[in-house]
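**Student:** What follows is a predicted structure for the sequence shown.
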Amino acid sequence: MTDSILDLATSSSPRSDGGAVLRVDELSRRDRDGMFALYGRYFTHVSQTVFERDLDEKQWVVLLRDGDGAIDGFSTLMRMDVDGCTILFSGDTIVARHRWGTTDLGRLWLHHVHALAGVSACDVYWFLISSGFRTYRFLPIFFREFHPRFDRATPELKALVDKIAIRKFGAAYDAATGIVRLASPAPLREGVSDPARRALHDPHVRFFVDANPGHADGDELACLVRVADDNLTAAGLRMLR
């Protein structure tokens, strides 16, 4: 595999939804401050020093802006290589409340990750850690196979996610539970991470809450998905159109 995956062109021209994918080194000081301000609206115990440190280890940022250029949402992305596979790790991710229920960020993210997978000479996986049920809920909506899940064991994905999580988080990862407990967690604010009673009727949401009982305190559930067309649901394929 070459480094062409890192050199993939990004789209700094704004789309109709205000979205763009930028290299981290393309972000302005205003962008960084705007990202942190949005992050602080939805997470507690936040540190700009920690936020900036985590941002600087990433390669890309999927970014949403409003009509005035203010940041409405973002997701950071980092490449890792583990066991001959390309791993795309999602870091800090948040969307402003008025965009909840839209696919703006997810559609742009999926297009970018799909393009990255298209230039890779090996299998590509999406690795994420989630302290919120809304993020976890994207897995069954857009992907056929993922780890972990309520309805069956996924031992091959479990073995790989253990290797990735230990590489990335070391002793902060508990392989027995699949939980990452960061040294400086930033829990979601009250009302953001707690599912409504009706959401608990969804078996995927119920599984997330049971598998990550400390999510309100900032505990993160380690998850893994293979990025490939044959692993996309009908909804996932529609997102690429």
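**Tutor:** In hand now; what should we look at?

**Student:** ok, and the closest non-adjacent residue to residue 93?
**Tutor:** residue 75 (4.0 Å; Cβ to Cβ, 6 or more residues apart in numbering). All C-beta atoms are positioned from the backbone trio N, CA, C, and that covers glycine.

**Student:** all helices in this protein, in order from the N-terminus.
**Tutor:** 4-7, 29-42, 48-56, 104-118, 133-142, 155-169, 203-211, 234-239 (DSSP state H).

**Student:** Please convert these to a markdown table, extending it with mean pLDDT and mean neighbour count.
**Tutor:** Listed next are the helices of the chain as a markdown table, based on pLDDT from 0 to 100; neighbours: other Cβ atoms under 10 Å:
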| stretch | mean pLDDT | mean neighbour count |
| --- | --- | --- |
| helix 4-7 | 50 | 13 |
| helix 29-42 | 96 | 16 |
| helix 48-56 | 95 | 14 |
| helix 104-118 | 93 | 19 |
| helix 133-142 | 92 | 20 |
| helix 155-169 | 98 | 17 |
| helix 203-211 | 95 | 17 |
| helix 234-239 | 95 | 14 |
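
**Student:** Find the nearest non-adjacent residue to residue 77, please.
**Tutor:** residue 60 (4.4 Å).

**Student:** Tell me who's in contact with residue 146.
**Tutor:** 139-140, 154, 157, 223-225 (Cβ atoms under 8 Å, 6 or more residues apart in numbering).

**Student:** Now do the contacts for the spatially most central residue of the chain.
**Tutor:** Compute the mean C-alpha point of the chain, and by Cα atoms, centre = their mean the closest residue is residue 90, 3.7 Å away. Applying Cβ under 8 Å, 6+ apart, we find residue 90 in contact with 75-77, 126-128.

**Student:** what bridges to it?
**Tutor:** Beta-bridge partners for residue 90, by DSSP bridges, are residue 77, residue 128.

**Student:** Just confirm residue 219 contacts residue 179, I think it does.
**Tutor:** Yes. Checked against Cβ atoms under 8 Å, the pair residue 219 and residue 179 is within contact range at 5.2 Å.

**Student:** anything in contact with each of the two?
**Tutor:** Jointly contacting residue 219 and residue 179 under the rule Cβ under 8 Å, 6+ apart are residue 212.

**Student:** do you know how far the residue in the chain sticking out farthest from the centre is from residue 34?
**Tutor:** What lies farthest from the middle of the chain is residue 68; by Cα atoms, centre = their mean that is 25.6 Å. For residue 68, the distance to residue 34 (Cβ to Cβ, to the nearest Å) stands at 11 Å.

**Student:** list the contacts for the residue nearest to residue 93?
**Tutor:** By Cβ under 8 Å, 6+ apart, the residues touching residue 75 are 61-62, 90-93, 105, 109.

**Student:** Kindly report the same for residue 210.
**Tutor:** Counting by Cβ under 8 Å, 6+ apart, residue 210 has no contacts.

**Student:** What of the one 10 residues further on?
**Tutor:** Taking Cβ under 8 Å, 6+ apart as the criterion, residue 220 is in contact with 129-131, 179-182, 185, 212.

**Student:** same thing but at 10 Å, please
**Tutor:** By Cβ atoms under 10 Å, 6 or more residues apart in numbering, residue 220 lies in contact with 128-132, 135, 165, 169, 172-173, 178-182, 185, 212, 214.
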